[in-house]
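Peer 1: 3D, please:
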Amino acid sequence: MNSRNKVQSFVISGHTESVPAGQADPICAAVSFLGQNSINGIEALTPDAIRYKANDDGYLEAAVPAAARAEESEKTDLILDLLVLGLESLATQYSRFVKVIKVPYNRGGALK
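Peer 2: Presented below is the predicted three-dimensional model:
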């Protein structure tokens, strides 16, 4: 969260392991989709830059440099608010597998 209490970055990590190994995991897929769709939306629909890195182990980290300075567009705010809404909805339904942790504003972060 930035100084205006808006999302400036997010991290998605791990696998939900909601189904036996080797089977398609719909909860993991939903979380991954929400994160990737947010990145795609910011890239395609806003003037803001987004930096991100991902790997095959279920890790996705993304940051909007303008949001760290509280200068992001309203569209970026909306996209990131929708990401949180979707993740919180999944966490409500599947609390055993999905956790949303909000971290207060700081000036750190790997993807400045």
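Peer 1: can you list contacts of the worst-scoring helix or strand of the chain on mean pLDDT?
Peer 2: Lowest by mean pLDDT, DSSP states H and E among the helices and strands of the chain is helix 65-68, with a mean of 91. Outside of helix 65-68, the residues that reach it under the criterion Cβ atoms under 8 Å, 6 or more residues apart in numbering are 2, 6-9, 48-49, 51, 72-73, 76-77, 80, 107, 109, 112. (Glycine included, C-beta is placed from N, CA and C.)
Peer 1: in the protein, which spans are strands?
Peer 2: 9-12, 51-54, 60-63 (DSSP state E).
Peer 1: and Val103, which of the ones you listed is closest to it?
Peer 2: Of all the strands of the chain, strand 9-12 sits nearest to Val103, with 8.9 Å by Cβ to Cβ.
Peer 1: give the rounded mean pLDDT of that closest one.
Peer 2: Strand 9-12 shows a mean pLDDT of 94 in the predicted model.
Peer 1: in it, what's buried?
Peer 2: Ser9, Phe10, Ile12 (16 or more other Cβ atoms under 10 Å).
Peer 1: remind me which residues of the chain are low pLDDT?
Peer 2: Residue ranges of the chain with pLDDT under 70: 105-112.
Peer 1: same thing but 50
Peer 2: Across the chain, the ranges flagged by pLDDT under 50 are 110, 112.
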